[in-house]
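Undergrad: using only what follows, build the 3D model:
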Amino acid sequence: MIGRHVRVDFPDLDTLHVDAKVDTGAFRTVLHCDRFEEVDTPTGKQLLAVFNLDGHGPRTYYFTKYFMKEFKSSFGEKERRYCIKTTIRIGRKNIKSSVSLTNRRDMKFQVLIGRKTLLRKFLVDVSRKFA
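TA: Numbers count the residues shown, from 1 in each chain. Below is the predicted model of the structure:
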């Protein structure tokens with residue numbers, strides 16, 4: 001059982017204790033990314049992504065496995081986003097999940113946990129926070 005807000009870790013991204021909003025209306029989990037772009041490297045195209053989720057300063061990562069997906073916002077607008085697969089730790093559960101990257105700088109929560117990540121793993125009690 002989790003509440004509508006949880007603290008999550010992203011061990012693959014060396015990031016701990018990030019406040020996240022549980023969003024059962026969203027299909028996929030969304031992760032704030034300060035900067036993301038495809039770059040040419042000697043080994044081929046890679047996704048460069050810069051994260052600063054836990055207040056310890058920006059961290060730059062290169063992903064060789066990523067994909068593009070079209071999303072529809074709550075306003076009905078379509079947007080193409082990069083997606084990566086990473087591990088999300090909620091409580092004692094480690095979940096390998098695909099997450100979409102977008103800039104959520106102006107949002108209260110830099111992470112939204114979507115129902116694909118939650119499915120058959122958690123029940124959500126909307127009356128609770130960080131539980």
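
Undergrad: top strand in the chain by residue count?
TA: strand 78-90 (DSSP state E).

Undergrad: pLDDT of the next helix or strand after that one, averaged?
TA: Downstream of strand 78-90, the next assigned helix or strand under DSSP states H and E is strand 93-102. The average pLDDT within strand 93-102 is 95.

Undergrad: which residue sits closest to residue 33, ignoring its sequence neighbours?
TA: Using CB to CB, 6 or more residues apart in numbering and skipping residues adjacent in sequence, the residue nearest residue 33 is residue 101, 4.1 Å away. Where C-beta positions appear, they are placed from N, C-alpha and C, glycine not excepted.

Undergrad: now the longest strand of the chain, how far from the centre of its chain.
TA: Chain-centre distance of strand 78-90: 5 Å, with CA atoms, centre = their mean, to the nearest Å.

Undergrad: quick check, central residue of the chain?
TA: Closest to where the C-alpha atoms of the chain average out (CA atoms, centre = their mean) is residue 31, at 2.8 Å.

Undergrad: which residues sit against whichever strand or helix holds residue 112?
TA: Assigned by DSSP H and E, residue 112 falls within strand 111-113. Outside strand 111-113, the residues that touch it by CB atoms under 8 Å, 6 or more residues apart in numbering are 6, 8, 18-23, 26, 29-32, 53, 88, 90, 104.
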